[in-house]
Each structure stands twice: as C-alpha cells, then as structure tokens.
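> Following is a predicted model, sequence given first.
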Amino acid sequence: MNKQINRFLLWCFLLPAGIYRRFGADMAQLRAILETKLIIDDRTATGLNKVRNQNKEGDTSTATLFTMLISLLMGLVFLVAFVFDDDLTRMTMYFSFFSFMLAMFLITDFSHILIDVKDNFIILPKPVSSQTFLVARLLHIIIHVTKILVPLALPGLIAIGISRGIWGAVVFIPVMLLLTMLTFAIVNALYLLIMRLFSPARINAIITSVQIIFSIILYGSFQLLPRAINRSVLEGVDLSQLPAMWAFPTYWLAGAWVYLYSFVQDPRLIVSMVLSVITPLLAIWVMMKYLAPAFFRKLSMISAGVDHEKKEETDKKEVSASTGGFISMLSGLMTSSGVERQSFLITWNLMGRIRDFKLKVYPQIGYLLVIFVMFILGVVVSWITSRHWR
C-alpha cells in the first residue's frame, strides 16, 4: 500500500517537469533521489511509529500508512468542533485543533527530514547540481506534508460539504492551504529558535520529549474529548463577542472562510480575509528570505560540532552522576553499598539517556495518568449528578 501511495504522489508532484527543468533540475536524478527518500521514509520509524513499535523489533514498512491512519483518526476527532451553531466559532475551533495537531505532527514526525544533514555528505559529493538537490529537498518536504495534511483535513472537508454544500467545501480548500503555510512557517521558526537556545546535543532530547507529550495528548484526546463535550452548553457559544480572539490567526482564517462562503459585507470578515491572505504569504516570504538561510547555516554548524558537544555533555553527565545529589541520596535509601548501589546508578542513568527507552516507557506512564483522570472525572460527575437529583 505504501508503494502505491508513494508512486501516486510522486507522479502528481513530478507532472510540472518543465518548471523543474527551468530551475535547472535534472529530472532523472530528481526522480531517483525522491524514490530513494520515500523508500527510506517507509523504513524509518519516526515520531509516533517509534512509540507504536515499542513491543516490536523492526517492522517499519508500514510507517507511512500508520502516520496517515493516525492523521485520519485525528481529523475525525476534530469534528467535535461542529457542535457549535455559529459558523465563525465552529471554524475557529476546527482550525485551532487542526493547526495545533499539524504542528505537533511536523515537530514529532518531521524532524528526521528537516534536521537532516546526511544529504550534504551523500548527495552533494556526487555529480548532482545544487538546483536538483534543492528541488528534491523541497519536493520531499511537500510530499511528506501532503501525507499528513490530506487525511487530517479529509473528514473536515467531507463534513463541510455535507453541512454547507459543495461551495463550502470548495472554499475550505484554499483556506486550509493558507493555514498549512502559516503553520509550516511557525514550525520552521520554532526549530530555529530551539537551535539558537539549545546545543545540538539537546535538540534531539527536546524533540523526544515533544514526541512523548504528543503521544499522550493523542491518547487523551481520543478518551477525554468525547466525554467532556456538553452539547447544550457549547451550541450557544459565540467567539466573535470576544475582542481577544483577534490575537489568534485561526480566527482570521475562520472569518475568511465565512466571508468567502456567504459574501456577507461585514467589516470584521473583510479584515479577517485580508489578514488571512497577507499573513501566511508574508510568513512564507520571511521564512524563505531570512529563516531558511539561517536554518541551514545552523544545520551546517550542527553537522560540524554535534559529536564534540555530545561528548562534552556526556562527560558532564557522568561527572554529575558520580557525585552527590538527589540520585545518590535515593540510592543510599533504597540500596546497600557496593554492586547493588552501582547497578542502581547505572540503570537510573540509562533511563535518562536512552531515547528508545523513553519512547517505550514514558508514554505508558502518561496513558496511566489519562486513565486516572478519566476515573476521577467519572467519580466527580457521578457525585454531582447524585447531588443534583437529591
């Protein structure tokens, strides 16, 4: 199934071959590079796939299919926003859910593509022009985003088509593209900010933490959102009465959809329409003009200095682990001196350093917390209900 999806997407994105040739790309090399990259994507466990494979040893051939399935399920969860009666409120909530989840997908399942310096050592030394290399990298990113974006937006597109007709669905598509552009620019800026604030050795640890939190949020969304919805309360909510909503770009995009759908000459909707068009395009321009060059310069610095910084950080950790502190106090309370205490310290340090261990164990702890919260909420709701009927 992965092969068919990749073949179809590759065919679609290579249709404008004349445009790529004008940019100076060699189409035979471009196709070969993209085919190889897509095969590697299917065989690489990234993001949620690492959490999924916690009890398996290796079959990652369905990694892309699994990511698309999760995107589709999350797109179905977003339909809870359709309980609102007001179109502006409904689309604001839907776009907010969508942009947040798309950003999480990009951060957790996209880092191996965006923060990747292997191409500099594998492709560039070969007789491949810089134009072909750049076009291949951009198309690879676009194809990867498409695999997440389409199943994530499909349930909303169908729901809009059913509830608001064909025109509502047609208008939905360009607004979603603008939202995707804005989200992608924000994620790129976030990556650059992380690279500026933290050392290269810390970046993977941060991304791992985000992956763990994201997997817990996914599980909690499936479990808690359907139980937390009180339809009678939400139906009458109208976010347009809150001036603070103008601080959120998703509110502008919702206003743009309402304006294009109804063509109501409301000044608020017209302003939202203008902001929705200008802001994503401006964000993409800033990203391409200023953020992208700085981003790739930082990647070059990472490829040059990551090993040295990792070694320094590892040495610091070893020194701190061997000295006093909370861990030593805890080992003194729970173990006897000698081999038992040293084994405890080694195990504790491994738990904090091994990325695969974190991805396997920490989400399970988070799932237990979600189940505990569900239990507490159930008890509280039952108590409130019994008190009310008395």
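Sure thing, it's come through.
> now the spatially closest residue to residue 87 that is not a sequence neighbour: how far from residue 100?
Excluding its sequence neighbours, the residue lying closest to residue 87 (CB to CB, 6 or more residues apart in numbering) is residue 258, at 5.2 Å. Where C-beta positions appear, they are placed from N, C-alpha and C, glycine not excepted. The gap separating residue 258 from residue 100 is 21 Å, by CB to CB, to the nearest Å.
> So for the two, which sits in the more crowded spot?
residue 258 (25 against 14; other CB atoms under 10 Å).
> got the buried residues for the helix or strand encompassing the more buried one?
Taking DSSP states H and E as the criterion, residue 258 maps to helix 249-262. Residues of helix 249-262 classed as buried by neighbour count (16 or more other CB atoms under 10 Å): 249-261.
> then it to PDB, C-alphas only?
Output of helix 249-262 as PDB, limited to C-alpha atoms (Å, rounded to 0.1, in the frame of the first residue of the first chain):
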ATOM      1  CA  PRO A 249      -4.700  33.700  13.300                       C
ATOM      2  CA  THR A 250      -7.200  30.800  13.200                       C
ATOM      3  CA  TYR A 251      -9.900  33.300  14.000                       C
ATOM      4  CA  TRP A 252      -8.900  35.300  10.900                       C
ATOM      5  CA  LEU A 253      -8.900  32.200   8.700                       C
ATOM      6  CA  ALA A 254     -12.300  31.200  10.100                       C
ATOM      7  CA  GLY A 255     -13.500  34.700   9.200                       C
ATOM      8  CA  ALA A 256     -12.100  34.300   5.700                       C
ATOM      9  CA  TRP A 257     -14.000  31.100   5.200                       C
ATOM     10  CA  VAL A 258     -17.200  32.700   6.400                       C
ATOM     11  CA  TYR A 259     -16.700  35.700   4.100                       C
ATOM     12  CA  LEU A 260     -15.900  33.500   1.000                       C
ATOM     13  CA  TYR A 261     -18.800  31.200   1.800                       C
ATOM     14  CA  SER A 262     -21.500  33.800   2.400                       C
END
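> what sits against the residue nearest the centre of the chain?
Nearest residue to the geometric centre of the chain (CA atoms, centre = their mean): residue 105, 1.9 Å. Contact partners of residue 105, counting by CB atoms under 8 Å, 6 or more residues apart in numbering, are 47, 67, 71, 148, 152.
> what pLDDT does the first one get?
At residue 47 the predicted local confidence, pLDDT, stands at 53.
> Give the other helices and strands that the helix holding residue 258 contacts.
Under the contact criterion of 3 or more CB pairs under 8 Å, 6 or more residues apart in numbering; DSSP states H and E, helix 249-262 touches helix 87-109, helix 130-197, helix 267-286.
> show me what contacts the closest residue to residue 128 other than its chain neighbours?
Nearest non-adjacent residue to residue 128, counting by CB to CB, 6+ apart: residue 29, 5.6 Å away. Going by CB under 8 Å, 6+ apart, residue 29 touches 128, 132, 136.
> What strand or helix carries residue 29?
helix 27-42.
> what about the spatially closest residue to residue 182 that is not a sequence neighbour, neighbour count?
Once flanking residues are discounted, residue 182 sits nearest to residue 280: 4.2 Å by CB to CB, 6+ apart. Look at residue 280: counted by other CB under 10 Å, it has 23 neighbours.
> Also residue 130?
Counted with other CB under 10 Å, residue 130 comes out at 10.
> again with the one 5 residues further on
For residue 135, the tally of surrounding residues (other CB under 10 Å) stands at 23.
> Residue 30 is in contact with that one, correct?
Yes - with contacts counted by CB atoms under 8 Å, residue 135 reaches residue 30, the gap being 6.1 Å.
> list residues touching both of the two?
With CB under 8 Å, 6+ apart as the test, residue 135 and residue 30 both reach residue 20.
> And residue 103, what's its pLDDT?
82.
> quick one: contacts for it?
183, 186, 187, 190 are the contacts of residue 103 under CB under 8 Å, 6+ apart.
> Check the gap between the second one and residue 100 for me.
Spelled out, that is residue 186. For residue 186, the distance to residue 100 - CB to CB - is 11 Å.
> Please apply the same query to the last one.
According to CB to CB, residue 190 stands 13 Å off from residue 100.
> do the third one as well
With distances defined as CB to CB, the gap from residue 187 to residue 100 amounts to 11 Å.
> Quick check: neighbours shared by those two?
Joint contacts of residue 187 and residue 100 (CB under 8 Å, 6+ apart) do not exist.
> Closest one to residue 86 out of the contacts of residue 105, please.
residue 152 (23.5 Å; CB to CB).
> Now for residue 129: which residues touch it?
By CB under 8 Å, 6+ apart, the neighbours of residue 129 are 24, 25, 26.
> just to revisit the earlier point, looking at the contacts of residue 105, state which has the most neighbours.
residue 47 leads those on contacts (other CB under 10 Å) with 27 neighbours.
> tell me the mean pLDDT for the helix or strand containing residue 349?
Here residue 349, judged by DSSP H and E, is contained in helix 339-353. In this model, helix 339-353 carries a mean pLDDT of 78.
> Flag the shaky bits of the stretch 151-300 of the chain, pLDDT-wise.
Within the stretch 151-300 of the chain, the stretches with pLDDT under 70 are 199-201, 203-204, 211, 218, 221-238, 291-300.
> what about 90?
Residue ranges of the stretch 151-300 of the chain with pLDDT under 90: 163-165, 180-251, 255, 262-270, 272, 279-300.
> neighbours of residue 290, just the number please.
Neighbourhood size, residue 290 [other CB under 10 Å]: 12.
> so how far is residue 184 from it?
From residue 290 to residue 184 the distance is 15 Å (CB to CB).
> what does residue 246 give?
23 Å.
> Could you check which of those two is surrounded by more residues?
Neighbours per residue (other CB under 10 Å) separate residue 246 from residue 184, with residue 184 holding more: 22 against 14.
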